[in-house]
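Colleague: how would this look folded up:
(one chain, ligands or ions: 2)
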Amino acid sequence: MGRSSSLSLCVCVCVCEERRSSLTLIMTSISEWYAGKNVLITGATGFMGKVLMEKLLRSCPDVNALYILVRPKAGQSMSERVQDMMKCKLFDRVREDNPDFHQKIIPISSELTQPGLAISPEDVQTLTSCINIVFHCAATIRFDEPLKHALQLNVIATQQLLSLAQQMQHLQAFIHISTAYANCNRRHIDEVIYPLPVEPKKLIDSLEWMDDSIIRDITPHLIGDRPNTYTYTKALAECVVQQESGKLNIGIIRPSIVGASWQEPFPGWIDNFNGPSGVFIAAGKGILRTMRASNDAVADLIPVDVVINLTLAAGWYTAVHRPKTALVYNCTTGGINPFHWGEIEHHVMSTFKRNPLEQAFRRPNANITSSYLIYQYWILVSHKFPALIYDLFLRLSGQKPQMMRIFNRLHKAIGLLEYFSSQDWEWNSDNMNMLMSQLSADDRKTFNFDVRQLNWPEYIENYCIGTKKYVLNEDMSDIPAARQHLRKLRNIRYTFNTVLLVFIWRVFIARSQMARNIWYFVVSLCYKFLSYFRASSTLTQ
Ligand SMILES: CCCCC/C=C\C/C=C\CCCCCCCC(=O)SCCNC(=O)CCNC(=O)[C@H](O)C(C)(C)COP(=O)(O)OP(=O)(O)OC[C@H]1O[C@@H](n2cnc3c(N)ncnc32)[C@H](O)[C@@H]1OP(=O)(O)O
Ligand SMILES: NC(=O)C1=CN([C@@H]2O[C@H](COP(=O)(O)OP(=O)(O)OC[C@H]3O[C@@H](n4cnc5c(N)ncnc54)[C@H](OP(=O)(O)O)[C@@H]3O)[C@@H](O)[C@H]2O)C=CC1
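Modeller: Numbering: from 1, shown residues only. Ligands and ions are numbered 1, 2, ... in the order given. Okay, the predicted model is just below:
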């Protein structure tokens, strides 16, 4: 064989080998791909971070290690926080499968708002030499965060993490968690990174030297037609990811309103008051009686397990296919399986009537309205008036009044949410569909993000029960006592209404002949109506 033919054979063998190995790589299942991998997660102590860790440990049991960036908080050291977190009920299934699962979790001390993310040089060395994939979940999700802090965490920390990722020798994918509302100033949102009128780097440089009061003054001008600093800084973060991605393989996940789990690790898992959860709880406790929302607007809730399954699948796809530019995945339900706020209200109320929360303030009975005047009326009659009476009762019984304070906080919270519950958006979800089509039948089951199968009434019921069990730590066996409490509240209401009626009668009606005539007229009209309906129903029987 001549030199040239042996060379071409060698090239051919190499090409075939390369093709085979890339084919094998493409054919590997998601959990096979994660086998042996070292994963870096930010925001692991948060709602989504915990579900992400749980799913990785449970469905990708051969993953090598999860490196998590954690800070000490509320008097607890980093290790105490991680130990506490691993005791959480969320990890019950993982614990059952592998009681030593904690050995795979390697906490790294980090404060994301500090230079270099406050990671020690030894830890930087470890991370840069072993990490294969990064999931960046950490963020401040508060709607009222001062711009400087939101920028520090949501944008500058992302920039710093990207620069750390650039140094990682074996990194195959960087997945950034954004929000579907990053571009909520648009009605139709494609899976693209939209440019902003301001250059993120210039903004970061300018805000650095500015006084807090000046920043507060210019914040409304900067955020423009976005409702808060959260959505604005998440949009800036996307631009930073695009600009600073260099040679990294990037995926951006944009979930809408992340709610309790649909199926995994069990239905209804939720551990916070964010977004709709706080509203559901406040309504279930009988505190919230009204909220501004449009009955017909799409409630774009997305279960947390769906978001996490899509995120893990996107990690696999990004590493294996290495798309040339960052792929954005709008992770929403509205365009695929729409459900509306009016329907949510109905199912939430019905669930809490059947499964009441303990020690409710009043019987659950909330109504949403899009009318400002009706909303203000109900705020006065159903929130402020009962709060005043209750605080008066507390004062008279020697206790500290608290209800008005609770309502003021509630009004602030629902005021910040109403932007999202009063209008519709249209998200394109081509990349989510494309990703689904790339999965094997088994992966589609294990990492299910097909929201067409979501049964909303069942999901909302599990969500509400989840808030009761996992957020409020209430026992389902106490439901009879909670029902008894609601009956007591009903009797108090009947008594109160009767006393009020007698009072109105004594003060206004009994003193004037004309009021008495009107009163008798109304009563006789009601009586005639009742007799008419009784007679007509007897005839039809
Ligand atoms: C029954 C009919 C229902 C019909 C449904 C109608 C409408 C649906 C409602 C909402 C839909 C819109 C959701 C939009 C989400 C957009 C999607 C995103 O991108 S995700 C990010 C979501 N982010 C949030 O949701 C954060 C919003 N929260 C805040 O910004 C702040 O928490 C705050 C509301 C401004 C309150 O700040 P404050 O300083 O006053 O309090 P804290 O946050 O420090 O909390 C103190 C304490 O209270 C608990 N808490 C917080 N929120 C609530 C709440 N809503 N209800 C009850 N309790 C709440 C909190 O856990 C703290 O407790 P503790 O001190 O024990 O830790
Ligand atoms: N929840 C939702 O409805 C939606 C969320 N998202 C996005 O998903 C991601 C995760 O959200 P979610 O889990 O709900 O948020 P959480 O508020 O539950 O979690 C936030 C995480 O970020 C960490 N973090 C915050 N500040 C710092 C800091 N200075 N240094 C280190 N870590 C910090 C928190 O750590 P610590 O425990 O120490 O505070 C926590 O682990 C975010 O990027 C958010 O924008 C997008 C759409 C909807």
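
Colleague: The one residue in the chain that gets nearest to ligand 2 and residue 159: what is the separation?
Modeller: Residue nearest to ligand 2 within the chain (Cβ to the nearest ligand atom): residue 46, separated by 2.0 Å. C-beta coordinates here come from the backbone N, C-alpha and C atoms, glycine included. Distance of residue 46 to residue 159, computed by Cβ to Cβ, to the nearest Å: 20 Å.

Colleague: and the closest residue to residue 463 other than its chain neighbours, how many neighbours?
Modeller: Excluding the flanking residues, the one nearest residue 463 by Cβ to Cβ, 6 or more residues apart in numbering is residue 260, at 4.2 Å. Residue 260 has 27 neighbouring residues, counting by other Cβ atoms under 10 Å.

Colleague: pretty sure residue 260 contacts residue 272?
Modeller: No. Using Cβ atoms under 8 Å, residue 260 is not in contact with residue 272; the gap is 10.0 Å.

Colleague: so who does the residue of the chain closest to ligand 2 touch?
Modeller: 137, 138 (Cβ atoms under 8 Å, 6 or more residues apart in numbering).

Colleague: Contact partners for the residue nearest to residue 378 when sequence neighbours are not counted?
Modeller: Spatial nearest neighbour of residue 378, chain neighbours left out: residue 290 (3.7 Å); criterion: Cβ to Cβ, 6+ apart. Listed by Cβ under 8 Å, 6+ apart, the contact partners of residue 290 are 366, 367, 368, 369, 375, 378, 379, 382, 383.

Colleague: Tell me which of those residues fall in strands.
Modeller: 367, 368, 369 (DSSP state E).

Colleague: In this structure the second one contacts residue 296, no?
Modeller: No. Taking Cβ under 8 Å as the contact criterion, residue 368 and residue 296 are not neighbours in contact, 10.6 Å apart.

Colleague: and for those two, which residues touch both?
Modeller: Common neighbours of residue 368 and residue 296 (Cβ under 8 Å, 6+ apart) are 341, 342.

Colleague: more neighbours, these two?
Modeller: Taking other Cβ under 10 Å, residue 368 and residue 296 do not tie; residue 368 has more neighbours (21 against 11).

Colleague: wait, what's in contact with the more buried one?
Modeller: Here residue 368 is in contact with 290, 291, 292, 293, 294, 295, 341, 342, 345, 421 (Cβ under 8 Å, 6+ apart).

Colleague: list the contacts for the residue of the stretch 201-350 of the chain found nearest ligand 1?
Modeller: Going by Cβ to the nearest ligand atom, ligand 1 is nearest to residue 278 of the stretch 201-350 of the chain, at 2.3 Å. Residue 278 is in contact with residue 413, counting by Cβ under 8 Å, 6+ apart.

Colleague: Can you tell me the SS state at it?
Modeller: helix (DSSP: H, G, I helix; E, B strand; the rest coil).

Colleague: Can you tell me how far it is from residue 225?
Modeller: Separation of residue 278 from residue 225 (Cβ to Cβ): 26 Å.

Colleague: What confidence value was assigned to residue 186?
Modeller: For residue 186, the model assigns a pLDDT of 97.

Colleague: What of the one 3 residues further on?
Modeller: The confidence metric pLDDT takes the value 98 at residue 189.

Colleague: Same question for residue 505.
Modeller: The model's pLDDT for residue 505 equals 79.
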